[in-house]
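Asks: mind folding the following:
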Amino acid sequence: MGRNYDGLDAKLRRFITEQPLFFVATAPLAGSGHVNLSPRGRAGTLRVLDQHTVAFLDFGGSHAETIAHLRENGRITLMWCAFSGPPMVLRVHGAGEPVFRDDPRFAELVAGFGEADGPGLRAVILVAVRRVSDSCGFAVPLLDFRAERTLHADYFGRRADADFATYCERVPTNGTSIDGLPALPLPLPPR
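Replies: Alright, predicted model coming up:
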């Protein structure tokens, strides 16, 4: 039987920090638009700021659907599965906001992530938590975590930030979502 929570208490925060992977779901308002579901998992890139606020680092890639959907309507769901230990699935529903490089809050938010900050960072996603619930997770398989993948950090770490900005402009689905929504504001401001 699932349970609802008033916020992210110490037990839920511990569960969140123990998981090497979480999922982010967003969708446009248009019924014909594409729902986006993204795995996220670079170590240290998600922080629970308080019982009702979560933040995670948004690194560049081939799409910016999460950013586009949040700019349009703010709806977001985060989900964690216990791949080891007692079975549980945790969902956080909320209102998300991308905080871009030129936002006065950006530097202070990023500083809180310490060494998890890295090359290819586009934005910090802030989530105002509105609903927290769990479910059993009895059907989630047991999986063993082997190691972090460093391909993204290694790839962008070999390039200057200006090269990353050029990459963002060159890939059409960074500035505009696959449904034609405004995504990453370009040109990307320097760090």
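Asks: measure the residue sitting nearest the centre point of the chain to residue 108 for me?
Replies: With distances taken as CA atoms, centre = their mean, residue 56 lies nearest the centre of the chain, 5.0 Å away. Look at residue 56 and residue 108: by CB to CB, to the nearest Å, they are 15 Å apart. For glycine as for every other residue, the C-beta is placed from the backbone atoms N, C-alpha and C.
Asks: list the contacts for the residue nearest to the centre of the chain?
Replies: If you count contacts by CB atoms under 8 Å, 6 or more residues apart in numbering, residue 56 has them with 24, 40, 45, 46, 47, 124, 125, 127.
Asks: got a pLDDT number for the last one?
Replies: Yep, that's residue 127 we're talking about. Per-residue pLDDT puts residue 127 at 98.
Asks: give me the helices and strands touching the host helix or strand of it, please.
Replies: Element membership for residue 127 (DSSP states H and E) is strand 121-135. With contacts taken as 3 or more CB pairs under 8 Å, 6 or more residues apart in numbering; DSSP states H and E, strand 121-135 sits against strand 3-5, strand 53-59, helix 65-72, strand 75-81, strand 89-100, helix 106-111.
Asks: and that strand, what's buried?
Replies: Buried residues in strand 121-135, defined by neighbour count with 16 or more other CB atoms under 10 Å: 121, 122, 123, 124, 125, 126, 127, 129, 132, 134, 135.
Asks: now it - C-alpha only, PDB.
Replies: C-alpha atoms of strand 121-135 as PDB (Å, rounded to 0.1, in the frame of the first residue of the first chain):
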ATOM      1  CA  LEU A 121      26.500  22.300 -17.300                       C
ATOM      2  CA  ARG A 122      23.500  24.200 -18.800                       C
ATOM      3  CA  ALA A 123      21.200  24.900 -15.900                       C
ATOM      4  CA  VAL A 124      20.200  24.000 -12.400                       C
ATOM      5  CA  ILE A 125      16.600  22.600 -12.200                       C
ATOM      6  CA  LEU A 126      14.800  23.700  -9.000                       C
ATOM      7  CA  VAL A 127      11.700  21.700  -8.000                       C
ATOM      8  CA  ALA A 128       9.100  23.000  -5.600                       C
ATOM      9  CA  VAL A 129       7.800  19.700  -4.100                       C
ATOM     10  CA  ARG A 130       4.000  19.500  -4.100                       C
ATOM     11  CA  ARG A 131       3.400  15.800  -3.600                       C
ATOM     12  CA  VAL A 132       5.500  13.000  -2.200                       C
ATOM     13  CA  SER A 133       4.400   9.300  -2.400                       C
ATOM     14  CA  ASP A 134       5.800   5.900  -2.400                       C
ATOM     15  CA  SER A 135       4.700   2.500  -3.600                       C
END
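Asks: now do that strand against helix 65-72, angle only.
Replies: Per axes from the mean of the first three to the mean of the last three CA atoms, to 10 degrees, the angle that strand 121-135 makes with helix 65-72 is 80 degrees.
Asks: from the chain's centre, how far out does strand 121-135 sit?
Replies: Chain-centre distance of strand 121-135: 8 Å, with CA atoms, centre = their mean, to the nearest Å.
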